[in-house]
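here's a sequence, model it:
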Amino acid sequence: MFTKLAKENMKRAYYSALAIVGNHDDAMELSQQAFLRAYNNFSKFDPERKFFTWYYKILRNLCLNFIRDNKNKHYFIEGIEYKDESDIQSELERNEAIEKVKWALNQLEHSDREIIMLKEFENYSYKEIAEMLDIPLGSVMSKLFYARKKLANKMK
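Numbers count the residues shown, from 1 in each chain. Coordinates of the predicted model:
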C-alpha cells in the first residue's frame with residue numbers, strides 16, 4: 001500500500017519541496033528523505049485521512065529544518081542564484097575588484113606580472129622565487145617592490 005501511495009505522490013512531493021527550498025537537488029533529496037520517514041512511520045498513518053496531507057507535514061518539517069540549518073548558504077531557483085542583499089553587494093564589489101586586478105595585471109610587462117603571480121597568487125617564498133627565476137634574493141624583493149608599485153599605479 002505504501003509503495004502505491006508513494007508513487008502516486010512522488011511528483012507532487014518534489015514540487016512541494018521545490019516550492020519551499022527553491023533548489024532542484026535539495027528538493028529531490030528532501031522529498032526522498034520524507035518518503036523514507038513516512039515509510040518508517042507508516043504504522044502511525046490513519047487510512048481515513050489523505051496520505052499526502054499526512055506526508056506533507058513530514059516533508060515540510062524536513063524542508064524548514066533544512067532552511068534553518070542552511071540559512072547562510074545561497075540557493076538557486078530555475079538556474080538563477082539568489083542571496084541576501086548584503087551578499088549580492090559584497091559579491092559584486094569583489095567581482096569588480098577581481099576584474100580590475102586582472103585588467104591591471106594584463107597591462108604589466110611579463111616579468112612584472114610573473115613575479116607578482118608567483119608571490120601573491122602562488123604563495124611562493126622569496127627564496128623559492130629566487131631559485132625559480134635564478135636571480136639573487138635581493139633582486140626578487142626589489143623586482144616585487146617595483147612590480148607592486150606599477151600594479152598599484154595601473155589600478156588607479
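
state the pLDDT value of the residue located most distally from the centre of the chain.
Distance from the C-alpha centroid of the chain peaks at residue 48, with 44.2 Å (C-alpha atoms, centre = their mean). Listed pLDDT for residue 48 reads 91.

can you check residue 98 too?
Model confidence at residue 98 (pLDDT) stands at 79.

can you check the one 3 residues further on too?
Here, the pLDDT recorded for residue 101 equals 82.

helix or strand for it, which one?
helix 85-107 (DSSP states H and E).

elements contacting that helix?
helix 110-116, helix 137-155 (3 or more C-beta pairs under 8 Å, 6 or more residues apart in numbering; DSSP states H and E). (C-beta placed from N, C-alpha, C; glycine too.)

can you give me the buried ones in the shortest one?
Same thing as helix 110-116. 112, 113, 114, 115, 116 (16 or more other C-beta atoms under 10 Å).

quick one on the thing from earlier: lowest mean pLDDT across the helices and strands packed on helix 85-107, which one is that?
Among the helices and strands packed on helix 85-107, helix 110-116 scores lowest, with a mean of 80.

what's in contact with that one?
With contacts defined as C-beta atoms under 8 Å, 6 or more residues apart in numbering, helix 110-116 is touched by 105-106, 108, 129, 133, 140, 143-144, 146-148, 150-151.

now swap in stretch 23-43 and tell me
Stretch 23-43 is contacted by residues 2, 6, 10, 13-18, 20-21, 45, 54-55, 58-59, 62-63, 66, 75-77 when judged by C-beta under 8 Å, 6+ apart.
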